[in-house]
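> Show me how the following folds:
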Amino acid sequence: MIEVEVKIPIENIEKIKQKLLETGFIYQKTVVETDTYFISDHYDMRKKDKALRIRKTENLDTGEVKAQLNCKGPKLDQVSMTRKETEIDIYEPEKMEDILKELEFYPASCRVKKTRGYYIKDHMTAAADKVENLGNFLELEIIVAKEEERAGGLDMIYELMRMLGCEKTETVRDSYLSMLEKRGV
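Numbers count the residues shown, from 1 in each chain. Have a look, this model is predicted:
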């Protein structure tokens, strides 16, 4: 699967949530996601433009807590956050972290914690994020099965951005982890 994704910093998160609803998106849930990224001296994730993380998610609507191991491949273009992504549910995240440490993968210098509102319309997901120590962002994504579908997915995202009053030039390609590390958080 290929995650076609665009990330946009936003000033007024409540206004964006309202605009999403007005354009036909349906509220799904609000969660707190805490991401621990892993790095290694023997496999340079940054140099290879990859990411390995454990994500712990608490659903604020239901109280459900779950975790996933996630691996993201390199970005596939020069304009978006589009990449191949593989993930699996894990039921004992602390033990998974111990396994990764045994393989000499260690937690990065900071964790990414955000409160995320999920909204869905057709095949598109919108995530309104409040990222601790960073600010507010809107992530728009479509999952496609084949490389040939990536450009069409990106076009649909750009059309929604236009409807929301966002410009292509406003998008960012840095991960939340990279932005936090640049700030020294």
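> From now on I want contacts and neighbour counts done on CA atoms only, so please keep to that.
OK.
> Does E94 lie in a helix or a strand, and which?
Here E94, judged by DSSP states H and E, is contained in helix 93-102.
> Share the number of residues neighbouring A108, please.
Here the count is done by other Cα atoms under 10 Å, and A108 has 14 residues near it.
> List the backbone torsions phi and psi for Y176.
Backbone geometry at Y176, expressed as degrees, to the nearest 10, gives phi -60, psi -40.
> again, but for S175
Taking degrees, to the nearest 10, you get phi -70, psi 160 for the backbone angles of S175.
> Grab the nearest non-local neighbour of the residue most central in space within the chain.
Relative to the mean C-alpha position of the chain, the nearest C-alpha, by Cα atoms, centre = their mean, is the one of E139, at 7.0 Å. In space, not counting the residues next to it along the chain, E139 is nearest to K7; the distance is 4.5 Å by Cα to Cα, 6 or more residues apart in numbering.
> in the sheet, who's paired with the one you found?
E139, V172 (DSSP bridges).
> Across the sheet, point out what pairs with the nearest residue to K66 once chain neighbours are set aside.
Using Cα to Cα, 6+ apart and skipping the chain neighbours, the partner closest in space to K66 is T57 (5.4 Å). On the basis of DSSP bridges, T57 is bridged to E33, K66.
> For K114, see how far away T57 is.
Going from T57 to K114 by Cα to Cα, to the nearest Å gives 10 Å.
> now swap in K95 and tell me
K95 sits 23 Å away from K114, going by Cα to Cα.
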